[in-house]
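sequence? don't have it. structure:
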């Protein structure tokens, strides 16, 4: 894309010739005094006046800019875990130029065996807590039925002891028994009352519930299970950090990591979706005002057999120094 400098220069020369020509003719008219101007000259002057009122032809301005060809997704840097405990690369499963899909394992770190063992332990602990919750709920249900039966039985025993005490009290009043004979009956009533109260307290505790309406012992078992689930989730997250995954579908453009190295700030690899390419062009600030979305563009390069056609899809909003040189 080159600027149409020649057409602008020619237009400037024509404008200068026109101004010079008009000035020369006016000088002749003024200096002639009483001379009569001929008809052909008037016709030429009228034609020039009419031409001056016509709209000027649009000037086509070509804008040239250097650019680079990029994947439609741009270049994506595939990062990895960093820090002292991040581990080192133990296995690389791709090569430069390989096509990959999102979520595919690109590399494995040497922390994978330990993280896998911790994950297995967390999963086993979660399974134990699930079984414990089921057993706790079953025990609570069984205890509830047992306590209910005991309460019913103790109430019957208390009623029987009270009836026996009343009978013995009536016989004493009739003179058949002394007060000493009622001592055992009173003790039976007290013992039955104590046992009933104690069992009812146990039953009440077994029925206690938290603010969500769950029995206390069951809520405790559920809390232990939730803690085990959280530990398993953390173990899964730690295990996921031992593998480097592809964030998008694309192609490996460059491998930056090597076996035995930690993944640094530069990342493990550069990835891009090369199924569709775009050109990022750097336009001078003096030319950007003449560029608009949808404008036709021609792309040329020594790497291309022929020019490619396209259109402007997006305009940047940031002004910065040029990063593309003519030697690129």
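Arrived safely. In this text the structure is predicted, and so the values were computed from the model without any measurement.

who's in contact with the residue nearest the centre of the chain?
In the chain, the C-alpha closest to the average C-alpha coordinate belongs to residue 247, at a distance of 11.0 Å (CA atoms, centre = their mean). Residues in contact with residue 247 (CB atoms under 8 Å, 6 or more residues apart in numbering) are 76, 78, 102, 271. Yep, even glycine has a C-beta here, placed from its N, CA and C like the rest.

Which strand residues bridge the residue lying closest to residue 243 once chain neighbours are set aside?
Once flanking residues are discounted, residue 243 sits nearest to residue 105: 5.0 Å by CB to CB, 6 or more residues apart in numbering. For residue 105, the beta-bridge partners under DSSP bridges are residue 245.

please renumber so the chain begins at 29
Sure, I'll start numbering at 29, so the last one becomes residue 133.

what's near enough to touch residue 133?
The contact partners of residue 133, by CB under 8 Å, 6+ apart, come to 121, 271-273.

rerun at 7 Å
121, 271, 273 (CB atoms under 7 Å, 6 or more residues apart in numbering).

If any of the residues you listed are buried, give me the ChimeraX selection for them.
Buried members of the contacts of residue 133 can be picked out in ChimeraX with the line below, counting by 16 or more other CB atoms under 10 Å:
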select :271
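
which one among the contacts of residue 133 gets closest to residue 326?
Distances from the contacts of residue 133 to residue 326 were compared by CB to CB; the smallest belongs to residue 273, at 39.3 Å.

Hmm, residue 130 and the closest one touching each other?
No. Contact criterion CB atoms under 7 Å: residue 273 and residue 130 do not qualify, at 8.1 Å.

where do the strands sit along the stretch 179-328 of the chain?
Secondary structure of the stretch 179-328 of the chain (DSSP state E, counting those that start in this stretch): strands at 271-273, 278-283, 297-300, 305-310, 324-327.

Throw these into TSV and include distance to residue 96 and mean pLDDT, thanks.
Converted to TSV, the strands of the stretch 179-328 of the chain look like this (distance: least, CB to CB, whole Å; pLDDT from 0 to 100):
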stretch	distance to residue 96	mean pLDDT
strand 271-273	26	94
strand 278-283	13	93
strand 297-300	12	93
strand 305-310	6	87
strand 324-327	11	90
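
among these, which is the most enclosed?
Of the strands of the stretch 179-328 of the chain, the one with the most neighbours on average (mean count of other CB atoms under 10 Å) is strand 297-300, at a mean of 22.

Tell me the helices and strands packed up against it.
Where contact means 3 or more CB pairs under 7 Å, 6 or more residues apart in numbering; DSSP states H and E, strand 297-300 is packed against strand 104-106, strand 278-283.

roughly how far is the longest one from the heart of the chain?
The gap between the average C-alpha position of strand 278-283 and the chain average comes to 22 Å, counting by CA atoms, centre = their mean, to the nearest Å.

For stretch 313-330, which residues meet the burial criterion?
For stretch 313-330, the buried set under the neighbour-count rule, 16+ other CB under 10 Å, comprises residue 325.

Would you mind measuring the gap between the ends of it?
26 Å (CA to CA, to the nearest Å).

hang on, the earlier thing: derive a ChimeraX selection command for the buried subset of the contacts of residue 275.
Burial among those is assessed by 16+ other CB under 10 Å; the matching ChimeraX selection reads:
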select :104,106,299
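
what about whichever strand or helix holds residue 150, average pLDDT?
Residue 150 is part of helix 140-201, with elements assigned from DSSP states H and E. Per-region confidence: helix 140-201 scores 91 on mean pLDDT.

now for it, which elements pack on it?
For helix 140-201, the elements it packs on are helix 211-234, helix 244-268, judged by 3+ CB pairs under 7 Å, 6+ apart.

of all those helices, which lies closest to residue 195?
Minimum separation from residue 195 across these (CB to CB) falls at helix 211-234, 8.4 Å.

Got the confidence number for the residue nearest to residue 271?
According to the prediction, residue 133 has pLDDT 95.

now do residue 42
Looking at residue 42, the pLDDT reads 40.

cool, and residue 312?
85.

Kindly provide the distance from it to residue 347.
Residue 312 sits 11 Å away from residue 347, going by CB to CB, to the nearest Å.

cool, and residue 308?
Looking at residue 308 against residue 347, where the rule is CB to CB, the gap reads 15 Å.

cool, residue 292 as well?
Using CB to CB, one obtains 31 Å as the distance from residue 292 to residue 347.

between these two, who's got more neighbours?
Taking neighbours as other CB atoms under 10 Å, residue 292 and residue 347 compare with residue 292 leading, 12 against 7.

Fine, thanks again, bye for now.
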